[in-house]
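Student: Need a 3D model of the following:
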Amino acid sequence: MFENLSERLGGVFDKLTKQGALSDADVATALREVRVALLEADVSLPVARDFVKAVQEKATGQAVTRSVTPGQQVVKIVNDELVAMLSGDDAGAGQLKVDNPPAPILMVGLQGSGKTTTTAKLAKRLKEKQNKRVLMASLDIYRPAAMQQLQVLGAQIGVDTLPIMEGQSAVQIAKRAKQQATLGGYDVYLLDTAGRLHIDEVLMDEVQAVRDATNPRETLLVVDGLTGQDAVNVAEQFDGQIGISGVVLTRMDGDGRGGAALSMRAVTGKPIKFVGLGEKMDALEEFDPSRIAGRILGMGDIVGLVEKAQETIEAEQAERMMKRMMKGQFNMNDLRNQLEQMQKMGGMSGLMGMMPGMGKMQKQLDAAGMDDKVIARQIALIQSMTKRERANPQIMQASRKKRVAKGAGMEVSDLNKLLKMQRQMGDMMKKMGKMGKKGLMRQGLGALMGKGGMPAGGPGAALPPGMGAGAMQPGFGQQGGAEIPAGLSGLGKKK
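Tutor: Numbering: from 1, shown residues only. You can find the predicted model right below:
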């Protein structure tokens, strides 16, 4: 979502950080480019103007010009202002108020914004992350099969839904949901209201009646992040007539310009509480201003990376892997496990976007014809092998290679590259195994920090495991982007 903005700002700050000293004129020139970048990202003009003005006031004067690293000082000021623009004054505004059970949460928004799916995602999050007992109720009596859709989603995520009774009004369903939540001992109940193609009096009257009947602890507006500044206008109108406590931006994994997210808090004064990042039920993230600002400015999101790793990596599997590493063992089954973990964590592009300074390598990967399908092709090659071949890749001779490559619909040369990557990673595992646990921990920490504070290293460090031993080569993971890891180069290029 923020790729173009991140790229533009990265170019501006690269120029600043390369200069030994900065004059006020240098800062002013850079901030003009920052303003243009914000406007191109669809940030509203008043917000962009106020942002640049706030940065300029802090970035001009002795504090910056006499700094040892004036360019980095300006970047820090921009980062701080970006966090302030996204979060406002209240640091805890993004937290949901779900105390005093049963706590009602009212979901409102226009039709097509992803309201019903977001309701289910939020219910799943409350159930799994906060251990809440949740009830969902659909108040959409207009859209065909809207109630059944929420019922199906509830069954998928293991969350109860209010039984459907035909002929009731939205207010009657809301009152029934409140009664059911109270009698059933639920902690939270979510009310999914009906949407319209545009804001009208009928919609607003109905939502106001539901609000008055249930007195919700939170009223969350679900808006489509791809609609740009219109999302901000919708938020202002809903807040003026109903009163919202927060916003959920959906489709933030799309190729929109992200200006709505940057303008929303400044224009409406309401916090963005969550962002939807896909169709899957777990594709809902808390909107953390400092982490979003870090991603925009190319500083990565190591906290987000660690959280994803904790969610996807099984402790038992990691322990087994550690024992094999200590013995210097690494076969195709191990490689497949690491590639699958990488897929679960968002693929190559998703991980690189979270690593400081690594976003710059994305273009090199694209230019080399590599995308997240590469990982799927590598897994397909491994699955085309027999159990014996996966456990003992050294037995792979010409006839076996032909059979495996044909079974995966790929060339023998592709398989050779994969086998080379496995050998390189296996050699590295042997070296790490000889170090013992203490040496391995020291090596892992050193690789995690890297030179210049950037992650470098292969499996067991911060870099995605499927990148192979080539990732250990000098230059990889350094600022400014270096070469594509040798372990990946050439395999699975787009045909």
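
Student: gap between residue 33 and residue 41?
Tutor: 13 Å (Cβ to Cβ, to the nearest Å). Heads up, the C-betas are built off the backbone N, CA and C, glycines and all.

Student: likewise residue 14?
Tutor: 18 Å.

Student: Contacts only, for the closest residue in space to residue 206 that isn't next to it in sequence.
Tutor: In space, and not counting its chain neighbours, residue 206 is closest to residue 170: 5.4 Å by Cβ to Cβ, 6 or more residues apart in numbering. Counting by Cβ atoms under 8 Å, 6 or more residues apart in numbering, residue 170 touches 139-141, 193-194, 206, 209-210.

Student: between those residues, which is nearest residue 331?
Tutor: Comparing the contacts of residue 170 against residue 331 with Cβ to Cβ places residue 140 closest, at 52.3 Å.

Student: pretty sure that closest one contacts residue 193?
Tutor: Yes: if you go by Cβ atoms under 8 Å, residue 140 and residue 193 touch, sitting 6.9 Å apart.

Student: Who has more neighbours out of those two?
Tutor: residue 193 (25 against 20; other Cβ atoms under 10 Å).

Student: Does that one touch residue 209 like I think?
Tutor: No: assessed by Cβ under 8 Å, residue 193 is found out of contact with residue 209, at 10.4 Å.

Student: which residues in the protein form strands?
Tutor: Using DSSP state E, the strands of the chain run over residues 103-108, 134-138, 160-161, 188-192, 218-224, 246-250, 272-276, 284-286.

Student: Please convert these to JSON lines, extending it with distance to residue 319.
Tutor: Formatted as JSON lines, the strands of the chain follow (distance: least, Cβ to Cβ, whole Å):
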{"stretch": "strand 103-108", "distance to residue 319": "39"}
{"stretch": "strand 134-138", "distance to residue 319": "33"}
{"stretch": "strand 160-161", "distance to residue 319": "36"}
{"stretch": "strand 188-192", "distance to residue 319": "35"}
{"stretch": "strand 218-224", "distance to residue 319": "40"}
{"stretch": "strand 246-250", "distance to residue 319": "37"}
{"stretch": "strand 272-276", "distance to residue 319": "33"}
{"stretch": "strand 284-286", "distance to residue 319": "28"}
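
Student: Next one, pLDDT for residue 103 please.
Tutor: pLDDT recorded at residue 103 is 90.

Student: returning to that earlier point: pick out whichever of residue 33 and residue 41 has more residues nearby.
Tutor: Each of residue 33 and residue 41 has its neighbours counted (other Cβ under 10 Å); residue 41 has more, 26 against 15.

Student: what are the phi and psi angles of residue 167?
Tutor: Note on residue 167: backbone dihedrals following degrees, to the nearest 10 are phi 90, psi 0.

Student: tally of neighbours for it?
Tutor: 6.

Student: Repeat that for residue 78.
Tutor: Residues near residue 78, counting by other Cβ under 10 Å: 26.

Student: Start the count at 16 instead of 1 going forward.
Tutor: Understood, numbering begins at 16; the last thing we discussed is residue 93.

Student: Find the nearest non-adjacent residue to it, please.
Tutor: Residue 93 sits nearest to residue 70 (Cβ to Cβ, 6+ apart), 5.6 Å away.

Student: Figure out which of the strands of the chain is closest to residue 410.
Tutor: Across the strands of the chain, residue 410 has its closest neighbour in strand 299-301 (44.5 Å, Cβ to Cβ).

Student: List the strands paired with that closest one, with their directions.
Tutor: Sheet pairing here is set by DSSP bridges, and for strand 299-301 it gives strand 287-291 (antiparallel).

Student: For the partner strand, give me every contacting residue.
Tutor: Strand 287-291 has contacts (Cβ under 8 Å, 6+ apart) with 101, 109, 111, 129, 132-133, 136-137, 235, 240, 261-268, 276, 279-280, 298-302.

Student: by how many degrees do that strand and strand 233-239 diverge?
Tutor: Put simply, strand 287-291 runs at 40 degrees to strand 233-239, going by axes from the mean of the first three to the mean of the last three Cα atoms, to 10 degrees.

Student: how big is the angle separating strand 287-291 from strand 261-265?
Tutor: If you take the same axes, to 10 degrees, strand 287-291 sits at 20 degrees to strand 261-265.

Student: For strand 287-291, the averaged confidence score.
Tutor: Strand 287-291 comes out at a mean pLDDT of 85.

Student: what sits against residue 188?
Tutor: 152-154, 156, 177, 180.

Student: From the residues you listed, list just the buried residues.
Tutor: 152-154, 156, 177 (16 or more other Cβ atoms under 10 Å).

Student: and which of the residues you listed is nearest to residue 429?
Tutor: When the buried ones among the contacts of residue 188 are compared against residue 429 (criterion: Cβ to Cβ), the nearest one is residue 153, at 48.6 Å.

Student: surely the closest one meets residue 138?
Tutor: No: using Cβ under 8 Å, residue 153 is not in contact with residue 138; the gap is 12.0 Å.

Student: rewinding a little: let's have the buried ones among the contacts of residue 188 in JSON lines, adding pLDDT.
Tutor: Converted to JSON lines, the buried ones among the contacts of residue 188 look like this (pLDDT from 0 to 100):
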{"residue": "152", "pLDDT": "92"}
{"residue": "153", "pLDDT": "92"}
{"residue": "154", "pLDDT": "91"}
{"residue": "156", "pLDDT": "88"}
{"residue": "177", "pLDDT": "91"}
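
Student: Next, give me the two most distant ones among those.
Tutor: 156 and 177 (12.7 Å).

Student: hang on, the earlier thing: Provide a ChimeraX selection command restricted to the buried entries of the contacts of strand 287-291.
Tutor: Buried residues among the contacts of strand 287-291 (16+ other Cβ under 10 Å), as a ChimeraX selection:
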select :101,109,111,129,132,133,136,137,235,240,261,262,263,264,265,266,267,268,276,279,280,299,300,301,302
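
Student: Quick one: the helices in the stretch 16-165 of the chain, in order.
Tutor: Shown for the stretch 16-165 of the chain, the helices assigned by DSSP state H, counting those that start in this stretch span residues 18-33, 39-55, 60-74, 77-80, 85-102, 130-144, 161-172.

Student: if you compare those, which one is most tucked away?
Tutor: helix 130-144 (a mean of 21; mean count of other Cβ atoms under 10 Å).

Student: can you list the weak-confidence ranges in the stretch 166-315 of the chain?
Tutor: The model of the stretch 166-315 of the chain has pLDDT under 70 over residues 268-274, 310, 313-315.

Student: now with 90?
Tutor: Filtered on pLDDT under 90, the stretch 166-315 of the chain yields the residue ranges 179-185, 199, 209-222, 229, 233, 236, 238-315.

Student: Reformat the buried ones among the contacts of residue 188 as JSON lines; add distance to residue 308.
Tutor: Shown next, in JSON lines, are these (distance: Cβ to Cβ, whole Å):
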{"residue": "152", "distance to residue 308": "36"}
{"residue": "153", "distance to residue 308": "36"}
{"residue": "154", "distance to residue 308": "36"}
{"residue": "156", "distance to residue 308": "42"}
{"residue": "177", "distance to residue 308": "40"}
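
Student: quick check, nearest of those residues to residue 63?
Tutor: residue 154 (38.1 Å).

Student: Could you measure from the closest one over to residue 303?
Tutor: For residue 154, the distance to residue 303 equals 30 Å [Cβ to Cβ].

Student: Repeat that for residue 58.
Tutor: As for residue 58, its distance to residue 303 is 19 Å (criterion: Cβ to Cβ).

Student: In terms of packing, which of the two has more residues around it?
Tutor: Using other Cβ under 10 Å, the more surrounded residue of residue 58 and residue 303 is residue 58, with 28 against 19.
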